[in-house]
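Undergrad: attaching a predicted model along with its sequence, questions to come.
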Amino acid sequence: MHPKQDPAPQFSPKRAYLLLYNAISSLLWLHILLTVLTTKTPASTYTTLEPWTRWTQTLAVAEILHSAAGLTRAPVFTTFTQVFGRCVQVWTINYAFPEVTAPSWAYPSMLLAWSVADTVRYLYFVVMLAGLSIPDVLRWLRYSLFFVLYPIGIGSEWWMMYNAASTTTNVLVAGIFYFFLALYVPGSPMMYKYMVKQRAKTLSRP
């Protein structure tokens with residue numbers, strides 16, 4: 001999400017709302033990150049974080065509305081693709097197939113990738129919306145961590161969805177999952193290229 005920067009640091013209702021939204025989101029993902037780092041097994045990670053992660057990610061549906069309404073400058077399609085893909089993961093895989101998700105190390109690795117990326121991302125926007133100067137290290141992390149986190153997150157998502165598709169006895173559900181698995185082929189490079197472009201544009205600024 002890319003909030004539009006107002007020409008002056010005055011606190012309009014829009015700016016105050018986006019600041020609150022990003023601050024809450026950053027704290028929610030920080031909680032997930034700290035819990036992942038201090039939980040020893042995938043099963044305990046699942047038991048502790050599955051509902052929390054599911055609803056935290058569902059909250060991000062608001063970002064599609066933010067983009068569509070012009071509150072942020074993020075492309076609607078790109079935002080929809082990322083948020084929708086994650087919501088499919090948390091609801092139709094992680095929640096609906098605990099027997100696949102709970103014992104798999106792909107679950108904590110996915111949460112680690114998601115939570116690191118989103119804690120940094122939302123914190124970046126909090127600083128920006130507060131009218132403060134963004135530290136160089138925070139800017140670099142925001143636009144560089146994806147090189148490592150995207151492959152980890154995407155690989156973990158794909159693996160759990162593949163196992164769910166292999167496990168279910170419902171032919172229709174399996175077909176839908178395999179369809180989504182196929183979408184990762186064009187979708188993943190698209191998201192990666194978008195971030196590479198954003199990185200080049202942002203880090204080239206003085």
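TA: That came through, no problem. What you see is a predicted model; the values in this text were computed from it and never measured. Numbering: from 1, shown residues only.
Undergrad: who's in contact with V61?
TA: V61 makes contacts with V83, C87, as judged by CB atoms under 8 Å, 6 or more residues apart in numbering. To be clear about C-beta, it is placed using only N, CA and C from the backbone, and glycine gets the same treatment.
Undergrad: list the helices and strands the longest helix anywhere in the chain packs on?
TA: Using DSSP state H, we find that the single longest helix of the chain is helix 171-203. Helices and strands touching helix 171-203, by 3 or more CB pairs under 8 Å, 6 or more residues apart in numbering; DSSP states H and E, are helix 76-88, helix 136-142, helix 146-167.
Undergrad: so what touches the shortest one?
TA: With CB under 8 Å, 6+ apart as the contact definition, helix 136-142 has outside contacts at V120, R121, L123, Y124, V127, T202, L203.
Undergrad: show me where pLDDT drops low in the protein?
TA: Residues of the chain meeting the criterion pLDDT under 70: 1-10, 206.
Undergrad: one step back: relative to helix 76-88, how tilted is the longest helix of the chain?
TA: Relative orientation of helix 171-203 versus helix 76-88 (axes from the mean of the first three to the mean of the last three CA atoms, to 10 degrees): 130 degrees.
Undergrad: buried residues, helix 171-203. List them.
TA: Residues of helix 171-203 classed as buried: V173, F177, F180, Y184, S188, M191, M195, Q198, R199 (neighbour count, 16 or more other CB atoms under 10 Å).
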